[in-house]
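> Based on what follows, work out the 3D shape:
(chains A and B)
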Amino acid sequence: KAGVTQTPRYLIKTRGQQVTLSCSPISGHRSVSWYQQTPGQGLQFLFEYFSETQRNKGNFPGRFSGRQFSNSRSEMNVSTLELGDSALYLCASSLGQGGQPQHFGDGTRLSIL
Amino acid sequence: GESVGLHLPTLSVQEGDNSIINCAYSNSASDYFIWYKQESGKGPQFIIDIRSNMDKRQGQRVTVLLNKTVKHLSLQIAATQPGDSAVYFCAEQKGGSYIPTFGRGTSLIVHP
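Residues are numbered from 1 along each chain as shown, chains lettered A, B, ... in the order given. Purely as a prediction, here's the structure:
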């Protein structure tokens, strides 16, 4: 069974630009969550989508948004990029029921110049 | 989740030793706990999980112990190998929630 796939693996952008990251979950998984990981803040939850609906949301500004398609694939968008947005963005998928582990992709490393 | 500072707690062991990584969780309502391993350049990898109705669960070379009285979780790795070198995260999940809260990681360094 293929794991969680994130594309691209690396991105370099400049301040003010926008970016879209993509995530393909494990087949059969209906929940996709996004996290931001930085050395200073650790793993921070952005949002979770389940059956094309945002079910949970973390404490990030509105510049961070996402969506989920009918095939469970998900995209995350960050607009008006800031230097502080430089981070590893991780996607995780799960069956979407309580008491089930999330499975992570290897992330997209976003660098803002 | 908790913040992780620039300097993670570090555990250094010799190859072949047993390793114990500890984690204190915060929410007494949490009923599901997970351990992840994150190697450099990769995403967190699921290792083992345990539900609150258990106090011990074993996998291949790994054992998770749960002490609900003091809200403490530990991961024991038997016969640690250089390939076990990574950052280990514990995560807790409250009943009815679909989102885990991650603790600060612990860096495990295994010396050959």
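
> Give me the below-cutoff pLDDT ranges for the chain.
Reading this off chain A. A:1 (pLDDT under 70).

> other chain: chain B
Along chain B, the model assigns pLDDT under 70 to residues B:1-7.

> one more time with 50
Scanning chain B for pLDDT under 50 picks out B:1-6.

> In chain A, which residue sits nearest chain B?
residue A:42 (3.1 Å; Cβ to the nearest Cβ). No exception for glycine: its C-beta is placed from N, CA and C like everyone else's.

> partners of that residue in the sheet?
Taking DSSP bridges as the rule, residue A:42 bridges to residue A:38.

> Isn't it up against residue B:104?
Yes. Contact criterion Cβ atoms under 8 Å: residue A:42 and residue B:104 qualify, at 6.1 Å.

> For the nearest residue to residue A:5 once chain neighbours are set aside, list the residues it contacts.
Excluding its sequence neighbours, the residue lying closest to residue A:5 (Cβ to Cβ, 6 or more residues apart in numbering or on different chains) is residue A:24, at 4.4 Å. Neighbour list for residue A:24: A:4-6, A:73 [criterion: Cβ atoms under 8 Å, 6 or more residues apart in numbering or on different chains].

> Can you tell me which of those residues end up in strands?
When the contacts of residue A:24 are checked against strands (DSSP state E), the matches are A:5-6.

> the strands in chain A, which residues?
A:5-7, A:10-13, A:19-24, A:31-38, A:42-50, A:53-57, A:64-68, A:74-78, A:87-94, A:103-104, A:108-112.

> Next: chain B.
B:10-14, B:19-24, B:30-38, B:45-51, B:56-58, B:62-67, B:72-77, B:86-94, B:101-102, B:106-111.

> Count the neighbours of residue 52 for me.
No chain was given, so I picked chain A. Taking other Cβ atoms under 10 Å in any protein chain shown as the criterion, the count of residues near residue A:52 is 13.

> could you do chain B instead?
Residues within reach of residue B:52, counting by other Cβ under 10 Å, total 16.

> Surely it and residue B:68 touch.
Yes. Residue B:52 sits in contact with residue B:68 when judged by Cβ under 8 Å, with a separation of 6.2 Å.

> so what's the residue nearest to residue A:33 when sequence neighbours are not counted up against?
Once flanking residues are discounted, residue A:33 sits nearest to residue A:48: 4.2 Å by Cβ to Cβ, 6+ apart. Listed by Cβ under 8 Å, 6+ apart, the contact partners of residue A:48 are A:31-34, A:54-57, B:98-99.

> ditto for residue B:47
Shown in contact with residue B:47 (Cβ under 8 Å, 6+ apart): B:34-37, B:59, B:62, B:75, B:88.

> how close does it get to residue A:30?
In this view, residue B:47 and residue A:30 are 23 Å apart by Cβ to Cβ, to the nearest Å.

> Next, count neighbours for the closest residue to residue A:89 other than its chain neighbours.
Nearest-residue entry for residue A:89: residue A:108, 4.8 Å, with adjacent residues in sequence omitted and distances by Cβ to Cβ, 6+ apart. When neighbours are defined as other Cβ under 10 Å, residue A:108 has 21 of them.

> Could you double-check that residue A:108 lies in contact with residue A:12?
No. Applying Cβ under 8 Å as the test, residue A:108 and residue A:12 come out as separate, 11.3 Å apart.

> I'd like the strands of chain B laid out as a markdown table, including distance to residue A:112.
Output for the strands of chain B, formatted as a markdown table (distance: least, Cβ to Cβ, whole Å):
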| stretch | distance to residue A:112 |
| --- | --- |
| strand B:10-14 | 29 |
| strand B:19-24 | 32 |
| strand B:30-38 | 23 |
| strand B:45-51 | 27 |
| strand B:56-58 | 41 |
| strand B:62-67 | 38 |
| strand B:72-77 | 35 |
| strand B:86-94 | 24 |
| strand B:101-102 | 24 |
| strand B:106-111 | 26 |
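
> Kind regards, and thank you for your time.
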